[in-house]
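*Asks:* Sequence plus the predicted model coming up.
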Amino acid sequence: MTNRAATVTRETSESSIELSLDLDGTGTSDIQTSVPFYDHLLTAFAKHSLTDLRIRASGDTHIDVHHTAEDVGIVLGQAILEALGDKAGISRYGDALVPLDEALVQAVVDISGRPYLVHSGEPAGFELHRIGGHFTGSMVRHVFEAITFNARLTTHITVVGGRDPHHIAEAEFKAFARAFRQAKAYDPQVTGIPSTKGAL
Ligand SMILES: [Mn+2]
C-alpha cells in the first residue's frame, strides 16, 4: 500500500485555495471555504468517505460564492486524482443509496480515468434556491462536475426524491461520499490495476 495523500494549492484572481487530503483517513476534517453551507457539505463528504480533508479557501464571495465553490471542487478533484496514484489494488466501483429524511439519492462511482457525470432528479426550482441564504442549488451539480472531471471519475448521481433543498444537497454529497469510499477501498482479491486495459 502506498501513501494516498496529496496537497494542492491554486491561486487565481478569483480564489485562493490550499487543500490537503488523505484517502486512507478516518473522515477527520478541518474545512474553511468561507462558504458556510459548502463547509457543511464537504465535512459530510470527508466523514462518509473516510477521507481526511483540510481546506483553506477564500475568494470573491462578495460577488457570488460561485468561483470559490467551483474552484474548491476543481482542487478537490485534482488532489483525489493525485492521491489515487496508479489505482492498483482498489475496488474501482462503488454505489450507495442514501436517505436524509424525505430525500433519497443514489450515487455510483467508477474510478475509470474517463471523466463523465450523469446527474438528474433535482426537483424544479432547486437550482434557483439559495440554501442558507448564500449557496445556490445550481452549484451542487457544478461542484460535482468540477470534482468528477478533475479526478477523472465516472459518476452517476440520481435524486430519487426529496423536497427540502438542504436535505437534497446534503444527501447528494453523502451518497457520493459513500460510493467513492467503496470505489477507492482496497480489495484484497485484486492484484494490480482493476482494468482489462491494464491502466485506469
Ligand atoms: Mn462555473
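*Replies:* Alright, I've got the coordinates.

*Asks:* Ramachandran coordinates for the most centrally placed residue in the chain?
*Replies:* Residue closest to the average C-alpha location in the chain (Cα atoms, centre = their mean): residue 147, at 5.6 Å. Note on residue 147: its backbone torsions stand at phi -70, psi -50 [degrees, to the nearest 10].

*Asks:* In this structure it contacts residue 76, no?
*Replies:* Yes: if you go by Cβ atoms under 8 Å, residue 147 and residue 76 touch, sitting 5.5 Å apart. To be clear about C-beta, it is placed using only N, CA and C from the backbone, and glycine gets the same treatment.

*Asks:* Could you list the low-pLDDT ranges of this structure?
*Replies:* Within the chain, the ranges that satisfy pLDDT under 70 run 1.

*Asks:* again, only this time at 90
*Replies:* Residue ranges of the chain with pLDDT under 90: 1-2.

*Asks:* all strands of it, in order?
*Replies:* Counting by DSSP state E, the chain has these strands, from start to end: 5-11, 15-22, 29-32, 52-59, 93-100, 103-110, 116-120, 130-131, 135-136, 154-161.

*Asks:* among these, which is nearest residue 187?
*Replies:* Shortest distance between residue 187 and the strands of the chain, using Cβ to Cβ, is found for strand 93-100: 9.9 Å.

*Asks:* Go ahead and produce PDB holding the CA coordinates of that closest one.
*Replies:* Provided in PDB are the C-alpha atoms of strand 93-100 (Å, rounded to 0.1, in the frame of the first residue of the first chain):
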ATOM      1  CA  TYR A  93     -16.600   0.700  -8.400                       C
ATOM      2  CA  GLY A  94     -18.800   1.900  -5.700                       C
ATOM      3  CA  ASP A  95     -22.500   2.600  -5.200                       C
ATOM      4  CA  ALA A  96     -24.800   3.900  -2.500                       C
ATOM      5  CA  LEU A  97     -28.400   4.800  -1.800                       C
ATOM      6  CA  VAL A  98     -28.600   7.400   1.000                       C
ATOM      7  CA  PRO A  99     -31.600   9.000   2.600                       C
ATOM      8  CA  LEU A 100     -31.900  12.200   4.600                       C
END
